[in-house]
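*Asks:* Coordinates only, no sequence provided:
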């Protein structure tokens, strides 16, 4: 399936670029999660299901959750500072 | 603009160097897959990756677990500098609660399967622990409190369990006159399974703790008053 692999590789590059370039942090985090899931597929195509499992669970899942959590913290912090600054 | 151009040029050069390194690979000096296949029957498990992680290179895995433990300890210490607040992590979402009652047994089953499958196919402690942690994160988001987390000593014992069992097993084989962490061939399978069960619990708790220990409010006293004052 060379077409599938080519598309997978191309979308990996595109999602990585979008995660890096994106101006909105939220979009960057979502793109990072999408990148992690696609990367897991790439590992499966490379016959490395062990790494694919770890990538999907830790790389995309938990890191994504932690990044979103940090984003929420930053957002609360900065909106509060503007509203409540004495 | 020139800085961006320079960065792009640098990225391009580094990319080209990487591509060249990948294309122009030297022939491997040793045939690792064959060596692994020859040594696999003596390792106590049937899956090459698990054999590498928990038998031949178990010292690396032990250090990885310790690194994770240190990360959680740092998070605990940072969080203790800030007093705990009433739990406001739960989302007011009945759908999540409803879905969780279906998902939770499934996730526990998948975690158990991954742990068991590690002996003969892709799976193992890290993956099973990650699934456990994901279940814990979802439970927390649904506002369900886990009773064990109210007792700090229990949580800490759970966090240390994996490393402790790993170290104890690795030291006990010294008594049998074998090198540190070199499982005896007859009990290797059982020892690896025991270590993996303990590791799954600790890794799941560690990843979940990292999520739970993120501060609920900004660490500025003025802002804290403003936040606890409002009623969401």
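*Replies:* Great, that's in hand. The structure presented is a predicted model; accordingly, all values stated were derived computationally and were not measured. Numbers count the residues shown, from 1 in each chain, chains lettered A, B, ... in the order given.

*Asks:* Find the nearest non-adjacent residue to residue B:68, please.
*Replies:* residue B:206 (5.0 Å; C-beta to C-beta, 6 or more residues apart in numbering or on different chains). Where you see a C-beta, it was placed from the backbone N, CA and C, and this is true even at glycine.

*Asks:* actually residue B:47, sorry about that
*Replies:* residue B:120 (5.2 Å).

*Asks:* shouldn't the one you found be in contact with residue B:48?
*Replies:* No. Counting by C-beta atoms under 8 Å, residue B:120 sits too far from residue B:48 to count as a contact (10.4 Å).

*Asks:* how close does the residue in chain A that chain B sits nearest to get to residue B:188?
*Replies:* For chain A and chain B, the shortest gap (C-beta to the nearest C-beta) falls at residue A:57, measuring 3.5 Å. Applying C-beta to C-beta, to the nearest Å, the value for residue A:57 to residue B:188 is 26 Å.

*Asks:* just residue B:114 next, same as before
*Replies:* 20 Å.

*Asks:* Which of the two has more residues huddled nearby?
*Replies:* The neighbour count for residue B:114 versus residue B:188, taken as other C-beta atoms under 10 Å in any protein chain shown, is higher for residue B:114 (24 against 19).

*Asks:* what does the host helix or strand of that one contact?
*Replies:* Element membership for residue B:114, per DSSP states H and E: helix B:94-117. Residues from elsewhere that reach helix B:94-117, judged by C-beta atoms under 8 Å, 6 or more residues apart in numbering or on different chains: A:53, B:123-125, B:127-129, B:131-132, B:134-135, B:138-139, B:141-144, B:196-197, B:200, B:204.

*Asks:* Whether the helix or strand harbouring residue A:31 contacts chain B - can you check?
*Replies:* Assigned by DSSP H and E, residue A:31 belongs to helix A:25-45. No. With C-beta under 8 Å from any C-beta of the partner chain as the criterion, chain B is not reached by helix A:25-45; the gap is at least 9.8 Å.

*Asks:* contacts for whatever helix or strand comes next after that helix?
*Replies:* Downstream of helix A:25-45, the first helix or strand assigned by DSSP H and E is helix A:49-54. Under the criterion C-beta under 8 Å, 6+ apart, residues A:40-41, A:43-44, B:49, B:114, B:122-124, B:126-127, B:130 lie in contact with helix A:49-54.

*Asks:* Stretch B:158-175 too?
*Replies:* B:58, B:61-62, B:65-66, B:69, B:72, B:125, B:148, B:179-184, B:191, B:194-195, B:198-203, B:205-206, B:209.

*Asks:* Could I get the full set of helices for chain B?
*Replies:* B:2-23, B:32-39, B:48-51, B:58-80, B:94-117, B:125-141, B:152-175, B:188-212, B:221-229 (DSSP state H).

*Asks:* Could you pull up the residues touching the spatially most central residue of chain A?
*Replies:* In chain A, the C-alpha nearest the mean C-alpha coordinate belongs to residue A:32, at 1.5 Å (C-alpha atoms, centre = their mean). Neighbour list for residue A:32: A:19, A:63-64, A:67 [criterion: C-beta under 8 Å, 6+ apart].

*Asks:* among these, which two are most distant?
*Replies:* Largest separation among the contacts of residue A:32 by C-beta to C-beta: A:19 and A:63, giving 12.1 Å.

*Asks:* Residue B:69 is in contact with the residue nearest to residue B:68, correct?
*Replies:* Yes. Using C-beta under 8 Å, residue B:206 is in contact with residue B:69, at 6.6 Å.

*Asks:* For the two, work out which one has more neighbours and name it.
*Replies:* residue B:206 (24 against 18).

*Asks:* separation between that one and chain A?
*Replies:* In this view, residue B:206 and chain A are 11 Å apart by C-beta to the nearest C-beta, to the nearest Å.

*Asks:* mind listing what that residue touches?
*Replies:* Taking C-beta under 8 Å, 6+ apart as the test, what residue B:206 contacts is B:68-69, B:71-72, B:129, B:133, B:159.
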